[in-house]
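K.L.:
Structure here, sequence nowhere to be found:
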């Protein structure tokens, strides 16, 4: 069975709705990361996973945009939504990485490690200084 060259209006509308929901969930995820609200973060992640699966399923039903679709208003709106979602997802990833580094730094302080112990030695291992060895033996 051959795919038609133009996706059905229903699929485009559904895709647009899903992307708008995804954008909203990414905003909620960022807010949860910012405020360190684990309950809200868990809910956002669960919803994001459901939406990602739905987006994947509907994306498989759509043909790739061709020359006739590239200039359509619908595809331009979809591309803009996808770009905003991508940017929001990257911002969330950066927030997660910043939180991870912050927590790692706090744990290092609690363990009595210095910042230099987080560097790689000649053998490609973290640490390697005398303080690091002394902590491991204790």
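P.N.:
Now that the structure is in, tell me what you want to look at. Computed from a predicted model, the values in this text were never measured in an experiment.
K.L.:
got a list of what residue 89 touches?
P.N.:
Contacts here follow C-beta atoms under 8 Å, 6 or more residues apart in numbering; on that basis residue 89 touches residue 26. Where you see a C-beta, it was placed from the backbone N, CA and C, and this is true even at glycine.
K.L.:
what helix or strand is residue 25 on?
P.N.:
Element membership for residue 25, per DSSP states H and E: helix 9-35.
K.L.:
Next SSE downstream of that helix?
P.N.:
Next element after helix 9-35 (DSSP H and E): helix 38-61.
K.L.:
Which other helices and strands does the helix holding residue 25 contact?
P.N.:
helix 38-61, helix 73-111 (3 or more C-beta pairs under 8 Å, 6 or more residues apart in numbering; DSSP states H and E).
K.L.:
Looking at the ones you listed, spot the one closest to residue 30.
P.N.:
helix 73-111 (5.3 Å; C-beta to C-beta).
K.L.:
can you tell me the average pLDDT over the closest one?
P.N.:
Here helix 73-111 scores 91 as its mean pLDDT.
K.L.:
That helix to helix 38-61, inter-axis angle?
P.N.:
Relative orientation of helix 73-111 and helix 38-61, computed by axes from the mean of the first three to the mean of the last three C-alpha atoms, to 10 degrees: 140 degrees.
K.L.:
List the buried residues of helix 73-111.
P.N.:
For helix 73-111, the neighbour count (16 or more other C-beta atoms under 10 Å) marks 74-75, 78, 81, 84-85, 88-89, 92 as buried.
K.L.:
Quick one: those as a markdown table, columns for distance to residue 57 too.
P.N.:
A markdown table is the format used below for the buried residues of helix 73-111 (distance: C-beta to C-beta, whole Å):
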| residue | distance to residue 57 |
| --- | --- |
| 74 | 19 |
| 75 | 19 |
| 78 | 16 |
| 81 | 17 |
| 84 | 21 |
| 85 | 17 |
| 88 | 21 |
| 89 | 19 |
| 92 | 23 |
